[in-house]
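Asks: Fold the stuff below for me.
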Amino acid sequence: MSKYIKGLLQKELEEKITGHNIKDFVVVSTKGVDGVNNNLMRGGLGKKGIRLMVVKNSLFKRALAGLKMDTAAALFSGPCSVAYGGDGVVDVAKQVIEWNKKVKAMKILGAYAEGAALDAKGAERLSKMPSKVELLGQIVTLAMSPGAKLASVLGSPAKIIAGCVKTIVETREKEEKQAA
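Replies: Residues are numbered from 1 along each chain as shown. Alright, predicted model coming up:
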């Protein structure tokens with residue numbers, strides 16, 4: 001392939017990376033995965049908004065270098081696919097790990113997250129982290145907690161006063177009934 005053609009393919013791949021907003025991804029090897037499992041895996045990942053792109057290593061490394069993401073180049077050896085999308089790289093890692101349990105021929109080679117290349121063990125640790133949605137839920141819970149405690153503290157004296165008033169009313173009613 002001529003340098004001109006390689007340059008065109010690299011430019012097209014760079015545009016695809018920026019167009020799909022691929023900043024973080026998981027690198028897997030699907031060597032040995034049969035067609036049925038490949039289709040099932042792609043369909044299952046697609047339902048979660050995750051895409052799987054087979055790449056030519058040399059061109060993808062050049063495209064990554066052109067986009068200043070060349071630290072990920074070390075992850076690409078042998079037949080590789082890039083999994084990306086979803087709500088973030090943590091969700092992608094979780095889904096890929098889940099599919100790795102079902103499809104034994106697939107191997108996780110690593111991940112690229114926040115400008116750092118992670119090996120296979122790093123990708124597995126990444127899958128154990130809370131997802132973006134879970135983190136947002138935790139933040140909301142933490143933000144709401146002081147407000148709930150404050151409301152409880154402010155409402156407590158009112159409950160005590162209401163209980164006292166109720167007791168006074170009940171005792172007066174009993175006294176009136178006994179007097180009558």
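Asks: Okay, now the unreliable bits of this structure?
Replies: Per-residue confidence for the chain (pLDDT under 70) gives these ranges: 147-148, 150-155, 180.
Asks: so how far is whichever strand or helix holds Ile161 off the chain centroid?
Replies: Ile161 is part of helix 132-179, with elements assigned from DSSP states H and E. Offset of helix 132-179 from its chain centre (C-alpha atoms, centre = their mean, to the nearest Å): 39 Å.
Asks: quick one: the helices in this protein?
Replies: Under the criterion DSSP state H, the chain carries helices at the ranges 3-19, 35-47, 57-66, 89-102, 120-127, 132-179.
Asks: Which one of those lies nearest to Gly110?
Replies: Nearest of those to Gly110, taken as C-beta to C-beta: helix 120-127 at 5.5 Å. For glycine as for every other residue, the C-beta is placed from the backbone atoms N, C-alpha and C.
Asks: elements contacting the closest one?
Replies: Under the contact definition 3 or more C-beta pairs under 8 Å, 6 or more residues apart in numbering; DSSP states H and E, helix 120-127 sits against helix 89-102, strand 107-113.
Asks: Dump these to a markdown table, plus distance to Ser127.
Replies: Formatted as a markdown table, the helices and strands packed on helix 120-127 follow (distance: least, C-beta to C-beta, whole Å):
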| stretch | distance to Ser127 |
| --- | --- |
| helix 89-102 | 4 |
| strand 107-113 | 9 |
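Asks: Redo the helices of the chain as a markdown table? Include mean neighbour count.
Replies: Shown next, in a markdown table, are the helices of the chain (neighbours: other C-beta atoms under 10 Å):
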| stretch | mean neighbour count |
| --- | --- |
| helix 3-19 | 13 |
| helix 35-47 | 14 |
| helix 57-66 | 18 |
| helix 89-102 | 20 |
| helix 120-127 | 18 |
| helix 132-179 | 10 |
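Asks: Nearest residue to Met1 in space, please, no chain neighbours.
Replies: Spatial nearest neighbour of Met1, excluding adjacent residues (C-beta to C-beta, 6 or more residues apart in numbering): Leu9 at 8.0 Å.
Asks: so that neighbour makes contact with Ser58?
Replies: No - the criterion here is C-beta atoms under 8 Å, and Leu9 misses it with Ser58 at 10.0 Å.
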